[in-house]
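Chemist: Here is my input; please provide its structure:
(chains A and B)
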Amino acid sequence: MKLRTDLALISEWIAEGSHVLDLGCGDGTLLAHLHNARQVTGYGLEIDDDNIAQCIQAGVNVIHTDLNQGLSDFNDDSFDYVVMTQALQIIHRPDLLLMEMLRVGRQGIVTFPNFGHWRARLSLFFGGVMPTSRALPSEWYNTENIHLCSLRDFEKLCETLDIEVLQRTVVDTKHHSTGLMRLMPNVFGEIALYRFRSKPVKRIYPQQSL
Amino acid sequence: MFALKIITPVGANLRVRPQLITLFQMPDILPPDCVGLVRPQTHQFTTPLALDCGRSLPSYELIYETYGQLNTNHSNAVLICHALSSDHHAAGYYSMQDKKPGWWESCIGPGKPIDTNRFFVVSLNNLGACQGSTGPKSINPDTGKPYGPDFPIVTVRDWVKSQARLGDVLGITQWAAVIGGSLGGMQALQWAIDYPKHLRHSVVIAASPKLTAQNIAFNEVARQAILSDPDFHAGHYYQHDVVPQRGLMLARMLGHITYLSEDAMRKKFGRELREGQLNFGFDVEFQVESYLRHQGSSFVDRFDANTYLLMTKALDYFDPASQHDDDLSAALAGVLAKFLVISFTSDWRFSPARSRKIVKALLDNKKEVSYAEIKSHDGHDAFLMQIPHYLQIFQAYMQQIEITGEES
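Modeler: This next block holds a predicted model:
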């Protein structure tokens, strides 16, 4: 089975044999792939019963977790990477969760739909309505996406939280990348992928006692 | 062709032809996902068993049942550990006249989560119990009388040790999985700690790494109900031809309150009146009273009060972290088994937070573990219920257990 393109991109960012925590791991596809292709160990966190059953069926270690409750079951620096694909925008406090990711892991990887995409801009500017798109199909009143952001928003937050971006890629919903996207990612990118870590100098967040 | 399987403890299959069923005038046909008619088997152990309390049992018997076939390299054996008041009869029927199958019929059988087409399932009655294994109502060879209160208090660790000996008898050096709910889950956890190399998977359902003060309090009230019954006779009631039925009944009624959630009780009984009106007396009026009295009195017929005391003590004493400065992570540092931990949202006796303690300790050690919190209104009893997501997750886990020598 062919791996979803964004997951394929992410898996290239992850070193062989590393220990990975996947937040909102869905049916466990990424972890199963990483385990088979790159000898990666780790856990997926999920809240949906059907997804949990599918993870278990696939032999992926999965822990029933509500990400809005934080990652208090995990100790500091216990993972090489903490991954979160397409879940940042549905979290109550993305800023706190980003800090939690970098508390329990050495590096973080997130993907999210770019709200700065030109179609979103045009829709709001000319239509005067909240945008819907291929990456954001739901209406404002029924969307799970409560914390949408653009690439610039995300990078500003990283700056505030003393997070250093190590790698950035933007793709469309089919996960293709074009020259235009590379030129103006915040306008043409539909989905953003980031790899990041805490700025080496200091940790600005308090160590959580467990 | 339809055939009824009779499972014998050595796993040999006798097939009863339908004609014979007609001959014996057996009325109903067992469903295809039932293990069929089963028979318990007893093994006598003559090597003394040293117990945690410092005493030892010179000899003892364990009664058990098996379902399914042990494969040639003995790699498909699954051990079922039972909870407070259950026994070795986990699945199937003893006769076609039986009204009820074994206590975990929902999970054990062909095509069920513990699939007897794949696994050889062993289910025993624990030491100190009262359904066939040596316990307080057994005859003490030293006195020729029932042990009664002289039966040593056994612990979860003692049980696990005795279960390992049963494994030796059956030729099982490594269990594919050790599985249990509630107090049974505690045994599955203890197995992974005490015999890390002798099991590949541990399935811990609706359990806890130790009892809370509230839980010990419930057990103490149950014990006091029994101990203060005038028919208890300091545990020697067998000689007086009585049983402390009021005490045991009260203990069971209390237990049942804690096994159900408030929600489940409201749904099941509400404030429904048995006779449709208030009678201004102390007889049974509300349906919930009737239910509890029924549960209590039927329990008295099948359970021994001394065993109830022992079982509640085993629960209270269970605390594997206590030998590691109350550090559960340290207690689980040496486990090798992969874990499936399951809890139920409405279980307030052994709440999801208790299961998460086990999960956290495993995560601290980077052990292989999956954890599912099942939405349910059934309280602690949920682990015995047919809840689709529970069965789905349980089945998914059991299916991915590898069995060496299995034809794929």
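Chemist: In the beta-sheet assignment, what are the partners of the most centrally placed residue in chain A?
Modeler: Nearest to the mean C-alpha position of chain A, by CA atoms, centre = their mean, lies A:Val110 at 2.5 Å. As for beta bridges, A:Val110 partners with A:Met84, A:Tyr194 under DSSP bridges.
Chemist: Contact distance from chain A - what residues of chain B qualify?
Modeler: B:340, B:356, B:359-360, B:363-364, B:366, B:368-375, B:389, B:392-393, B:396-397, B:399-400 (CB under 8 Å from any CB of the partner chain). Using the backbone N, CA and C atoms, a C-beta is placed for each residue, glycine as well.
Chemist: In PyMOL, select just the buried ones from the residues you listed.
Modeler: A single PyMOL command selects the buried members of these (16 or more other CB atoms under 10 Å in any protein chain shown):
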select buried, chain B and resi 340+356+359+360+363+364+368+369+370+371+372+373+374+389+392+393+396+397
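Chemist: Which ones among the residues of chain B next to chain A map onto strands?
Modeler: Among the residues of chain B next to chain A, the members falling in strands (DSSP state E) are B:340, B:369-374.
Chemist: quick one: which of these is nearest to B:Pro244?
Modeler: The shortest gap between B:Pro244 and any of those belongs to B:Ile374, at 36.6 Å (CB to CB).
Chemist: what residues are up against that closest one?
Modeler: Contacts for B:Ile374 (CB atoms under 8 Å, 6 or more residues apart in numbering or on different chains) come out as A:49, B:342-345, B:382, B:387, B:389-390, B:393.
Chemist: Among these, which are located in strands?
Modeler: Those of the contacts of B:Ile374 lying in strands (DSSP E): B:342-344.
Chemist: from those residues, which would you call buried?
Modeler: B:342-344.
Chemist: pLDDT for these - can I get that in TSV?
Modeler: Supplementary listing: these in TSV, determined by pLDDT from 0 to 100:
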residue	pLDDT
B:Ile342	98
B:Ser343	98
B:Phe344	98
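Chemist: Just the closest of those to A:Arg93, please.
Modeler: Distances from A:Arg93 to these, taken by CB to CB, are shortest for B:Ser343, at 25.7 Å.
Chemist: Could you double-check that that closest one sits in contact with B:Lys357?
Modeler: No. Counting by CB atoms under 8 Å, B:Lys357 is not a contact partner of B:Ser343; they are 10.5 Å apart.
Chemist: The residue of chain B positioned farthest from its centre: what secondary structure?
Modeler: Seen from the C-alpha centroid of chain B, the residue lying at the greatest distance (CA atoms, centre = their mean) is B:Phe280, 40.5 Å away. Here B:Phe280 is recorded as coil under DSSP: H, G, I helix; E, B strand; the rest coil.
Chemist: near chain B, which residues of chain A?
Modeler: Checking chain A against chain B by CB under 8 Å from any CB, the hits are A:19, A:41, A:43, A:49-50, A:52-64, A:73-75, A:78.
Chemist: try 6 Å
Modeler: Chain A has residues A:49, A:52-53, A:56-57, A:59, A:61-64, A:73 near chain B, with proximity defined as CB under 6 Å from any CB of the partner chain.
Chemist: ranking those residues by neighbours, who comes first?
Modeler: Most neighbours among those, by other CB atoms under 10 Å in any protein chain shown: A:Ile52, with 29 neighbours.
Chemist: What helix or strand is that one located in?
Modeler: Assigned by DSSP states H and E, A:Ile52 falls within helix A:49-57.
Chemist: On the C-terminal side of that helix, identify the next helix or strand.
Modeler: Counting by DSSP H and E, the element after helix A:49-57 in chain order, helix or strand, is strand A:62-64.
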